[in-house]
Structure formats: structure tokens, C-alpha cells
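J.: structure for this input, please:
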Amino acid sequence: MKWSDVRRRELIGSLVDYLTGKRILPIDDWRSRVWYSGLFEVPRDLFVPTTGWAVPFTEGKERAIDRRRDAGDWLKAVYSDTTIVTQRDDGATDPADPSGMPTSSLTLPSQSLALLGLLDVHDHHRVLEVGTGTGWTAGMLAWRLGHDRVVTVEIDKDLAEIARANLGSAGLDPPVAAGDGEQGFAEHAPYDRIHVTCGVRDVPAAWIEQARPGGVIVLPWLPPVTSFSGGHRLRLDVVGDGVAVGRFDGSCGYMLLRGQRHSSWSEPAGEPLVGTTLFDPRTISSLSDNPVDQGATVLLAALLPRVEVQVSRVRRQSRIVHTTMLRDLESDAQATCEAVDGEDKHTVTQYGSRRLWEELEAAYLEWIRLGRPARDRFGLTVSAGAGIDIWLDTPGQRIAPISR
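T.: The predicted model follows:
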């Protein structure tokens with residue numbers, strides 16, 4: 001064994017110790033525990049470009065990594081709980097240049113393994129993966145199930161080619177299709193499992209239709225209202241007739257499916273309605289800081305399904321200004337609320353046919369009136385062609401969106 005292999009196994013061992021300590025996967029279930037073995041068998045460093053941008057989950061700062069300049073730091077980033085940005089601006093910008101928009105990444109191991117564990121694969125399963133990226137999770141699935149039981153789809157032709165080469169270097173050869181994963185891959189359907197590695201706002205009907213009854217779809221659900229803070233891991237069980245039902249399993253943040261990316265915000269139109277509120281906008285922006293409050297983000301998504309929220313924090317002269325911005329994706333309505341440190345009343349500016357800030361306040365206060373239900377009490381039903389229904393406790397308790 002080469003010294004480089006010894007060093008690699010040492011780093012992987014430390015990563016496995018960290019992940020088991022965090023109980024990312026239950027170690028008493030061999031189907032989950034096997035993914036830890038996969039870390040040794042499908043080395044992540046074979047799927048990382050020479051240059052990239054490291055985003056650690058816990059320790060350390062975001063930074064550029066370059067294998068040629070500092071191989072030790074590059075390898076440390078690869079084998080820690082770190083997301084590696086591997087593409088920016090759809091390939092137009094070096095991944096190590098933070099000025100570009102991240103458009104592909106190798107997700108941190110704790111998130112990747114949590115989704116693979118939630119997938120609950122069995123030996124006989126056939127799996128569709130949507131979003132190949134550099135190919136690592138496709139490699140993990142192919143190692144676990146065999147090359148002939150996995151197909152992975154990547155919309156970016158250049159990334160698909162890179163993934164094929166990376167998989168080959170690891171001795172793996174699952175089919176890598178260059179195409180729009182939003183359409184699934186009907187040629188190999190039906191699938192027992194569908195593994196989605198990009199953020200999803202609206203679950204495509206094709207995925208439900210290409211999964212067999214009793215099949216499972218695992219995805220990062222990123223509704224517009226939580227776009228500022230990430231989203232939720234979601235497991236959907238397909239019940240047939242174009243319907244899938246599921247519940248949430250923790251938080252996650254992924255780059256959106258390319259066909260569902262955010263559009264640019266436009267300047268608001270018309271005359272503004274300006275007022276004040278005692279409701280602090282930081283109540284909304286801080287929801288992502290506390291796992292106990294994640295139920296509120298699900299209820300906001302149910303009541304305001306097409307409202308996008310963004311937040312900012314800037315220094316204005318000697319004080320900090322916290323701004324929460326809202327827009328309706330289906331009309332001209334927009335709103336902003338500014339909170340200035342040291343002031344009790346906050347300025348609200350609203351445009352268009354809807355009073356978005358008032359709706360957001362009402363949605364949050366409804367969560368309190370319901371007793372602050374936790375995220376695990378909510379569920380979601382997806383019907384092909386009919387969209388998403390969110391419910392509390394049972395599918396019969398659907399939460400209707402706020403009427404316009």
C-alpha cells in the first residue's frame with residue numbers, strides 16, 4: 001500500500017468517527033452502516049477537481065483549495081464535513097473564485113449520507129439519481145447495488161463527462177445520462193428508489209410516474225419562502241395513481257434544480273403603501289437558527305406557497321439594519337420590512353395587489369396559535385399534475401394557502 005493510500009485511509013477513518021459520533025446514520029442497522037464502508041471504497045478525492053471552494057460545516061473558514069499549491073489542505077477539505085464547490089456560473093468561472101455563483105458541488109458527507117440512509121436501498125433495487133455532479137453519490141450507489149442497477153442523470157454535458165471519467169477512475173461504470181433530470185429517465189423505469197441531489201421547489205410529475213408503487217423518492221425540498229435559509233430533507237412514498245406521500249427528516253441546503261432556479265428580483269411597480277409594525281422581521285430571519293422552529297418554516301410554505309423571502313443585514317451609518325424582503329412569484333406584489341437596532345417600530349413598504357407583509361405576519365402567528373407544532377408533525381402529499389398539499393399530523397388535515 002502506498003503512503004498516499006495510508007494517509008487517505010487515516011483521514012477517512014477520522015471522518016467516519018466524526019459521522020458516527022454525530023449519529024448521522026444508525027450504526028445498529030447494517031443497511032445504513034454500509035455507507036460508512038462506502039467512504040473507504042469510493043474515495044471522495046477521486047471526485048474533486050484540482051481547484052475548488054471549501055465550505056466547512058463546523059470548523060474553519062470558507063476558502064479556496066488547490067491541490068497543486070497545498071495538497072495537504074486540499075485533502076483535509078475533501079475528507080472533512082465540508083461542501084466543495086466544484087463549478088460556478090455553469091462552468092464559466094473557476095470554482096475557487098468566490099465572485100461566481102455556485103452551480104455544482106460535492107455536498108458535505110453528513111448531508112450526502114443522511115440522504116442515502118433515508119433512501120433505504122435493498123439489494124434488488126433499481127435507482128435513478130437526479131443530479132450527477134462530479135459523480136460521487138452515483139459511485140456510492142453503484143458500489144452498493146451494482147452498475148446495472150443505477151442510472152444517474154446530469155443536465156450539464158460537461159459535468160456528465162467529468163463524472164464518467166471520475167467514476168472510471170474509481171473502477172465504477174453506472175450509466176451517466178446527459179439530460180434534464182426534471183424529466184426523469186423513462187428508458188430504465190420503473191425505479192424502486194429515486195435519489196435527488198439538487199434542491200426542489202416543485203416535485204416533477206415524471207419522478208412519481210417513473211417510480212413503482214411502494215417506491216421511495218428522497219429529495220431536498222426548498223420552498224420559495226425558505227430560500228434564504230435552505231430547506232428540508234423529504235422522503236416521499238409512492239402510493240400509485242400519480243400520488244406520493246411523505247414526511248420531513250431534518251434540514252438541508254442544496255443548489256436548486258436548474259429548471260427551478262430563482263429569477264432575478266425586479267424593481268417594484270406602482271405606488272408603495274408605507275406603514276409600521278411591531279412584529280420584528282428578525283423573528284423570520286432567525287427561524288433557521290433553531291431546529292425547534294423549523295415547523296414554522298413548513299407552515300409558512302403551506303400558507304404562502306408562491307412567496308419568496310430573502311433577508312439581509314447591513315450597517316447604515318452607525319446602526320445595523322435588518323431587512324426582510326418578500327415577493328409573490330405569480331404577481332407584481334412585493335414587500336420589505338426594515339428593523340433598525342434600538343428601535344421598536346419597524347418600517348413596512350408594500351407594493352402590488354397583495355399585502356405580503358401582513359400575510360407573512362398572519363402565517364407566523366397561526367403557527368403560534370396552533371401550539372408551535374414541530375416539523376415532524378407536518379407531511380406533504382404530491383399529486384402528479386395537481387401540485388403539493390401540506391398537512392398537519394394526517395393527510396386529512398390539509399392546510400389551505402392564504403387566499404388572495
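
J.: mind listing the helices for the stretch 151-300 of the chain?
T.: 157-169, 205-210, 282-285, 294-303 (DSSP state H, counting those that start in this stretch).

J.: the stretch 101-250 of the chain: strands as residue ranges?
T.: Per DSSP state E, counting those that start in this stretch, the stretch 101-250 of the chain carries strands over the ranges 102-106, 127-130, 150-154, 176-178, 191-196, 211-221, 231-240, 243-252.

J.: how about the third one: buried residues?
T.: It refers to strand 150-154. Applying a neighbour-count criterion of 16 or more other CB atoms under 10 Å, one finds 150-154 buried in strand 150-154. C-betas here are computed from N, CA, C, even on glycine.

J.: quick one: strands adjacent to it?
T.: Looking at strand 150-154 with DSSP bridges, its partner strands are strand 127-130 (parallel), strand 176-178 (parallel).

J.: what do you get for the last one?
T.: In the sheet containing strand 243-252, its partner strands are strand 231-240 (antiparallel), strand 378-383 (antiparallel), by DSSP bridges.

J.: can I get the strands of the stretch 101-250 of the chain in TSV including distance to residue 320 and mean pLDDT?
T.: Shown next, in TSV, are the strands of the stretch 101-250 of the chain (distance: least, CB to CB, whole Å; pLDDT from 0 to 100):
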stretch	distance to residue 320	mean pLDDT
strand 102-106	27	94
strand 127-130	40	99
strand 150-154	42	98
strand 176-178	46	98
strand 191-196	38	98
strand 211-221	31	97
strand 231-240	27	95
strand 243-252	26	94
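
J.: CSV please, covering the ones you listed and showing distance to residue 120.
T.: Formatted as CSV, the strands of the stretch 101-250 of the chain follow (distance: least, CB to CB, whole Å):
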stretch, distance to residue 120
strand 102-106, 23
strand 127-130, 11
strand 150-154, 15
strand 176-178, 24
strand 191-196, 8
strand 211-221, 6
strand 231-240, 8
strand 243-252, 11
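
J.: ok, which of those comes nearest residue 44?
T.: strand 102-106 (6.9 Å; CB to CB).

J.: ok and the closest one relative to strand 150-154, angle-wise?
T.: 160 degrees (axes from the mean of the first three to the mean of the last three CA atoms, to 10 degrees).

J.: elements contacting strand 102-106?
T.: Here strand 102-106 is seen to pack against strand 82-88 when contacts are counted using 3 or more CB pairs under 8 Å, 6 or more residues apart in numbering; DSSP states H and E.

J.: quick one: the strand it packs on to strand 102-106, angle?
T.: 140 degrees.

J.: how far is the lengthiest helix in the chain from where the chain is centred?
T.: The longest helix of the chain (DSSP state H) is helix 3-21. Offset of helix 3-21 from its chain centre (CA atoms, centre = their mean, to the nearest Å): 26 Å.

J.: buried residues in it?
T.: 8, 11-12, 15-16, 18-19.

J.: can these go into JSON lines with extra columns for distance to residue 136?
T.: Below are those laid out as JSON lines (distance: CB to CB, whole Å):
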{"residue": "8", "distance to residue 136": "14"}
{"residue": "11", "distance to residue 136": "15"}
{"residue": "12", "distance to residue 136": "13"}
{"residue": "15", "distance to residue 136": "13"}
{"residue": "16", "distance to residue 136": "16"}
{"residue": "18", "distance to residue 136": "18"}
{"residue": "19", "distance to residue 136": "15"}
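
J.: nearest spatial neighbour of residue 216, skipping sequence neighbours?
T.: residue 193 (5.3 Å; CB to CB, 6 or more residues apart in numbering).

J.: show me what contacts the one you found?
T.: Residues near residue 193 by CB atoms under 8 Å, 6 or more residues apart in numbering: 119-121, 125-128, 211, 215-218.

J.: same check on residue 13?
T.: No contacts exist for residue 13 under CB under 8 Å, 6+ apart.

J.: 10 Å instead, please
T.: 39-40, 79 (CB atoms under 10 Å, 6 or more residues apart in numbering).

J.: ok, of those, which come out buried?
T.: If you count burial by 16+ other CB under 10 Å, the buried members of the contacts of residue 13 come out as 39, 79.

J.: which one of the contacts of residue 13 sits closest to residue 390?
T.: For those, the minimum distance to residue 390 (CB to CB) is 34.9 Å, reached by residue 39.

J.: where does the closest one sit, in terms of helix or strand?
T.: Assigned by DSSP states H and E, residue 39 falls within helix 30-41.

J.: buried stuff in that helix?
T.: Neighbour-count burial for helix 30-41, counted by 16+ other CB under 10 Å, picks out 32, 34-36, 38-39.

J.: of all those residues, which comes closest to residue 160?
T.: Taking CB to CB as the measure, residue 160 sits nearest to residue 38 out of the buried residues of helix 30-41, at 21.9 Å.

J.: could you report the neighbour count for the closest residue to that closest one other than its chain neighbours?
T.: Nearest residue to residue 38, sequence neighbours excluded (CB to CB, 6+ apart): residue 140, at 4.8 Å. Residue 140: 25 surrounding residues under other CB atoms under 10 Å.
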